[in-house]
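>>> A predicted structure for the sequence below; I have some questions about it.
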Amino acid sequence: MASAFDIAPGELLAVDVPAGPAWVPLLHRLWSERVTFLPLDERLTASERERLLDLARPAAVLGTGGALTVYAGAAPVDEDLAVVMATSGTGGKARLVELSRGSVVAAVAGSLSALETAGHGTGAPLLCCLTPAHIGGLLVLVRSEIAEVPVVVHERFDVDRLMREAPVGAIVSLVPAMVSRLVRARADLSRLGPMLVGGAPLDRDIRVEAEALGATIVETYGLTEACGGVVYDGVPFDGTEVRVADDGRIELWGPTVMRGYRHDPAATGAAFDVRGWLRTNDAGRLDDAGRLQVTGRLDEAIRTGAETVWPSEVERAIASHPKVAEVAVAGRPHPEWGEQVVAFVVPRTIDDPPSLEELRDHASEVIGRHKAPRELVLVPELPRTPGGKIRRSHLA
């Protein structure tokens with residue numbers, strides 16, 4: 001039977017509706033009618049949008065106001081798929097991740113169980129300020145649907161509006177850049193419930209400052225291919241297993257793992273080992289208590305001389321400098337050392353930016369001086385994905 005969207009089972013619907021409150025009833029219809037859908041980010045350029053549609057090959061595109069446009073050359077989907085999600089594309093072109101209904105349900109159940117185990121309430125209202133085209137934003141809406149709890153949805157992240165409209169005790173999903181902005185605004189974070197922070201490592205100093213403002217921080221690790229964050233404060237969900245390979249690669253196994261990449265069998269094959277473990281592109285280690293510590297992305301490691309430098313640790317060392325508003329670190333080719341460490345810094349004030357030597361001295365207080373940046377580039381802003389991740393490929 002066709003759904004109210006005129007989409008039959010086994011067909012894909014692309015949803016081109018901007019983030020905002022309209023997504024609450026829309027998600028309810030999509031989920032209850034078991035429509036497989038691809039949320040499109042309204043911030044995509046025309047060429048990025050067309051590339052995703054050409055790769056996805058949906059049966060139709062749903063626009064604002066319910067306008068439905070038939071898309072030529074549709075390709076079928078498995079009927080048990082719930083959603084097709086675009087990856088952030090930090091390392092290149094985005095891929096389309098196929099997630100089953102069971103995987104999405106398992107991700108929501110895992111989150112509820114993990115929060116309850118940690119002593120946090122699970123029946124609290126939700127606030128969504130991430131786009132539903134991002135797995136973190138979509139799962140907030142699905143969680144509201146499954147757990148039958150109210151959700152407040154904002155079109156975008158805004159510090160003042162969030163603090164003004166968030167229900168007391170609301171659970172909020174954020175990326176680290178958003179937490180930094182809340183800290184800089186000296187917001188009263190005690191009125192919020194658990195803040196689920198993922199998408200990138202959270203600077204330790206920012207976490208300490210946020211907690212001093214009353215925040216309850218839960219750092220999450222995951223990726224679109226695993227249906228979002230499946231490790232909370234280093235501990236995997238029940239049913240999810242985490243291991244670290246000999247090369248430092250984090251690998252995942254469990255019910256939330258993707259079916260594969262849509263129309264990309266080569267990439268799907270490369271993403272899994274022969275036993276079905278998802279091979280992430282993240283590096284990490286398990287500490288003495290068995291908790292996962294994420295080091296960085298394997299493709300972002302800087303090889304300088306005989307040393308391996310992780311951008312995230314250099315960023316943490318620099319971020320606390322009083323003249324630094326934001327920082328990103330990447331490697332640049334060097335004729336003698338292979339690569340050298342470069343810091344891209346947004347200064348707090350353009351009239352008094354930090355010098356390279358100031359940053360090297362500051363960083364050397366917490367990391368080896370050989371890891372400190374050899375070059376400084378002052379920038380007005382950092383290139384980020386819609387989900388808040390730094391696009392390092394755009395830096396170097």
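Received the coordinates, thanks.
>>> CA only for contacts and neighbour counts going forward, please
Fine.
>>> Name whatever forms a beta bridge with G331.
Taking DSSP bridges as the rule, G331 bridges to V341.
>>> what about it, how many neighbours?
26 (other Cα atoms under 10 Å).
>>> Could you measure from the most centrally placed residue in the chain over to R297?
Computing the C-alpha centroid of the chain and ranking residues by Cα atoms, centre = their mean puts G199 first, at 2.9 Å. Separation of G199 from R297 (Cα to Cα, to the nearest Å) stands at 12 Å.
>>> and if you look at L40?
26 Å.
>>> more crowded one of these two?
Neighbour count, other Cα under 10 Å: between L40 and R297, L40 has more, with 24 against 19.
>>> Next, give phi and psi for the residue lying closest to the more buried one once chain neighbours are set aside.
Of all residues not flanking L40 in the chain, D16 sits nearest, at 5.2 Å (Cα to Cα, 6 or more residues apart in numbering). Per-residue torsions, D16: phi -110, psi 60 (degrees, to the nearest 10).
>>> just T240 next, same as before
Residue torsions, per degrees, to the nearest 10, at T240 are phi -100, psi 130.
>>> Same check on L96?
Torsion angles, degrees, to the nearest 10, at L96: phi -110, psi 120.
>>> Quick check: buried residues in the helix or strand where V346 lies?
Using DSSP states H and E, the element containing V346 is strand 338-347. Neighbour counts over strand 338-347 (16 or more other Cα atoms under 10 Å) mark 339-347 as buried.
>>> cool, stretch 8-18 as well?
8-18.
>>> any idea which of these is closest to D158?
Of all those, D158 sits closest to P18, with 16.1 Å by Cα to Cα.
>>> So that closest one, which state does it fall into?
Three-state call for P18 (DSSP: H, G, I helix; E, B strand; the rest coil): coil.
>>> Identify the residue spatially nearest to it, adjacent ones excluded.
Closest to P18 by Cα to Cα, 6+ apart is E42, at 5.6 Å.
>>> which residues does the one you found contact?
Contacts for E42 (Cα atoms under 8 Å, 6 or more residues apart in numbering) come out as 16-19.
>>> D78: which of the residues you listed is nearest?
Distance to D78, by Cα to Cα, is smallest for D16 among those, at 21.4 Å.
>>> Extract the C-alpha set from the longest helix anywhere in the chain and format it as CSV.
As assigned by DSSP state H, the longest helix anywhere in the chain is helix 101-117. Coordinates of each C-alpha in helix 101-117 appear next as CSV, following Å, rounded to 0.1, in the frame of the first residue of the first chain:
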residue,chain,number,x,y,z
ARG,A,101,14.6,0.5,11.2
GLY,A,102,16.1,-2.0,13.7
SER,A,103,19.4,-0.1,13.8
VAL,A,104,17.6,3.2,14.5
VAL,A,105,15.5,1.7,17.3
ALA,A,106,18.6,0.1,18.8
ALA,A,107,20.4,3.4,18.8
VAL,A,108,17.5,5.2,20.7
ALA,A,109,17.1,2.3,23.1
GLY,A,110,20.9,2.2,23.8
SER,A,111,20.9,5.9,24.5
LEU,A,112,18.0,5.7,26.9
SER,A,113,19.6,2.7,28.7
ALA,A,114,23.0,4.4,28.9
LEU,A,115,21.6,7.6,30.4
GLU,A,116,19.5,5.6,32.9
THR,A,117,22.5,3.6,34.0
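>>> Isn't R316 up against R204?
Yes. Under the criterion of Cα atoms under 8 Å, R316 makes contact with R204 at 7.3 Å.
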